[in-house]
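In: need the 3D shape of this:
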Amino acid sequence: MEIAFSHWPAAEDLRAVLTRWAGWLADERRLAAHTLDGYQRDLKGFLDFLGAYRGGPPDLATIAALDKVDFRAWLAQRRREGAAPTSIARSVSAVRSLFRWLEREELVDNAAGRALKPPRLPRGVPRPLTPGQAQDALARAAEPDPAAEGQAWIALRDAALLTLLYGGGLRIGEAVGLAGRDWRAGATGIRVLGKGNKQRLVPVLPAVARALDRYRAACPWPTAGDAPLFRGLRGGRLQARLVQKRMAEIRAELGLAASATPHALRHSFATHLLAAGGDLRTIQELLGHAALSTTQRYTDVDTARILAVHAAAHPRARRTG
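Out: The predicted structure follows:
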């Protein structure tokens, strides 16, 4: 994905650097398209602030001279605008990424920018589907659209991808980023390139393997070697937004909650493994989490489920007086 900076509120030298940085995010970090869009919006907002704060379009020298007071002023402005803590945290992540890349490329060394810290966020509890809901969603994805004559492979593709999310715990960006070489028929695992450009091998269940093989056999486009594993209607790489749209359609058809997204299938993978006795360290490795604390969120889900069952079943809990 290419981001155009020609009309951004920045001097020419800074726009040229931003183009290189965006290319690095897309080509080397392999960030998903929606993440790149978010970085673009957040960084433009930061540059808009600097333009008003410093009285003109910022250049590389402006960026290099920023200090803690300047960054505090920017964050204060974001709060005055009513930005939610999650939005501010995302903005900080984008700006900090830029400054760390600038230091790595020996273009700007600004310790205050590299050390930016987001606001503390309340720890959210993942919202998985039940096993029955997950199975219903996968079954519905496999049903071809009667109006789409000659495109039965699309349903097989959607079923294979959603089955992979649920059966392997992949992020949607990881799944659509797979190349044909990452999955070999008869293999017991699939190679996944996750966050931080870290590769992991995810075990493939027989049901996932069958879904992948059925899709590949029906797909009219090449899906081997360097070609994308998951193809769009016209042969390009399948976009994450199309997967999200399909899941939204399934959600409406089945009457599921708004939280039933493609990412909820990843949550379901981890939660159902934990409920079946899986240990946190193994689940951490399967999910590609850098920190165990991230995986520990799923213990909160399991605890909530146990408490709900206890409250519904215990004789003392059912008493009203």
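
In: which parts of the stretch 51-200 of the chain are helices?
Out: 60-65, 68-80, 85-104, 111-114, 131-141, 152-168, 172-176 (DSSP state H, counting those that start in this stretch).

In: then the fourth one to CSV, C-alphas only?
Out: Yep, that's helix 111-114 we're talking about. Backbone C-alpha positions of helix 111-114 (Å, rounded to 0.1, in the frame of the first residue of the first chain) are rendered in CSV as follows:
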residue,chain,number,x,y,z
ALA,A,111,14.9,10.6,22.6
ALA,A,112,11.7,12.3,23.7
GLY,A,113,9.9,11.1,20.6
ARG,A,114,11.2,7.5,20.9
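
In: now the helix or strand containing residue 44 against helix 85-104, angle please.
Out: In this structure, residue 44 sits in helix 33-54 according to DSSP states H and E. Counting by axes from the mean of the first three to the mean of the last three CA atoms, to 10 degrees, helix 33-54 points 80 degrees away from the direction of helix 85-104.

In: check which residues of helix 33-54 are buried.
Out: The neighbour-count check on helix 33-54 (16 or more other CB atoms under 10 Å) flags 35-36, 38-40, 42-47, 49-51 as buried. Backbone N, C-alpha and C define where each C-beta goes, glycine included.

In: check stretch 55-67 too.
Out: Taking 16+ other CB under 10 Å as the basis for neighbour counts, the residues of stretch 55-67 that come out buried are 57, 58, 59, 60, 62, 63, 66.

In: and the end-to-end length of that stretch?
Out: Distances were taken as CA to CA, to the nearest Å; on that basis the terminal residues of stretch 55-67 are 17 Å apart.

In: where does the chain dip in pLDDT?
Out: Along the chain, the parts satisfying pLDDT under 70 run over 1-6, 121-125, 147, 300-321.

In: ok, residue 117 touching residue 89?
Out: No: if you go by CB atoms under 8 Å, residue 117 and residue 89 don't touch, sitting 9.4 Å apart.
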